[in-house]
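Colleague: Build me a model from this:
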Amino acid sequence: MATTTAAQQRAQTKAEYDAFLAVCPSHKLLERISGKWVALILTALGSGPDCGGDPRPMRYSELSRLLAGVSQKMLTQTLRALERDGLISRTVTPTVPVTVSYELTDLGLSMYGLVRGLKLWAQHHMDDVLAHRASYDETIA
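Modeller: Residues are numbered from 1 along each chain as shown. I've put the predicted structure just below:
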C-alpha cells in the first residue's frame with residue numbers, strides 16, 4: 001500500500017470536486033457566487049461606480065447607493081460572505097466616524113472578468129430576452 005503526502009491528498013480531492021453533487025464544496029460555492037448581489041458587488045468593485053474604470057476600494061455607502069434595491073441586511077451579509085470566501089477584503093480606517101472600505105482580492109479579481117461578462121451580456125441581450133418572453137407568453141395564453 002503506497003502512502004500519499006498531504007499535498008497529493010489535496011490534489012486528489014481537488015480533482016474529485018463535482019459541482020453536480022449537492023455535498024460537494026464547489027456546489028455550495030456556486031450557490032453563493034450565483035446570487036445577483038454577488039455579481040453586482042464584484043462588478044462594482046472591479047470597475048468602479050461607472051463600471052468602466054479600474055478596480056478600486058469602495059466604501060459601504062458607495063456600494064449601497066450604487067446597488068439599487070439592495071437592503072442593508074443583504075448587502076452586509078453578502079459582503080461578509082465574500083470576505084469569508086476570500087473574494088474581497090475589508091479595511092477599517094480609524095477615523096471619526098470609522099471608514100470601512102471593500103476591495104477585490106487576487107481571487108476576486110480572477111472572478112471579476114466572468115461576472116462582468118455576465119452583467120454585460122444581460123444588459124446587451126435584454127431586448128432579445130424580453131421579445132422571447134412576450135412571444136412565449138402569447139403562445140401559452
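
Colleague: Below-threshold pLDDT in this structure: ranges please.
Modeller: 1-2, 9-15, 48-51 (pLDDT under 70).

Colleague: So which residues of this protein form helices?
Modeller: 6-15, 25-33, 36-47, 60-66, 72-84, 106-140 (DSSP state H).

Colleague: where's the residue nearest the centre of the chain relative to Leu45, distance?
Modeller: With distances taken as C-alpha atoms, centre = their mean, Val38 lies nearest the centre of the chain, 3.3 Å away. When distance is defined by C-beta to C-beta, to the nearest Å, Val38 is 11 Å away from Leu45. Just so you know, the C-beta spots here come from the backbone N, C-alpha and C atoms, and that holds for glycine as well.

Colleague: Assess the claim that the residue nearest to the centre of the chain and Leu114 are in contact.
Modeller: No. Contact between Val38 and Leu114 fails when scored by C-beta atoms under 8 Å: they sit 11.3 Å apart.

Colleague: returning to that earlier point: from the helices of the chain, which stretch is densest packed?
Modeller: Of the helices of the chain, the one with the most neighbours on average (mean count of other C-beta atoms under 10 Å) is helix 36-47, at a mean of 21.

Colleague: orientation of that one relative to helix 106-140 in degrees?
Modeller: Angle of helix 36-47 versus helix 106-140, following axes from the mean of the first three to the mean of the last three C-alpha atoms, to 10 degrees, is 130 degrees.

Colleague: on that earlier part again, for Val96, find the nearest of the helices of the chain.
Modeller: helix 60-66 (15.5 Å; C-beta to C-beta).

Colleague: Go ahead and name everything in contact with the closest one.
Modeller: For helix 60-66, the surrounding residues in contact (C-beta atoms under 8 Å, 6 or more residues apart in numbering) are Ile41, Ala44, Leu45, Pro49, Met58, Val70, Gln72, Leu75, Leu79, Val100, Ser101, Tyr102.

Colleague: then that helix to CSV, C-alphas only?
Modeller: In CSV, the C-alpha atoms belonging to helix 60-66 read as follows (Å, rounded to 0.1, in the frame of the first residue of the first chain):
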residue,chain,number,x,y,z
TYR,A,60,-20.1,50.6,2.1
SER,A,61,-22.2,53.7,1.5
GLU,A,62,-20.9,53.9,-2.1
LEU,A,63,-21.9,50.3,-2.7
SER,A,64,-25.2,50.8,-1.1
ARG,A,65,-26.0,53.8,-3.3
LEU,A,66,-24.8,52.0,-6.5
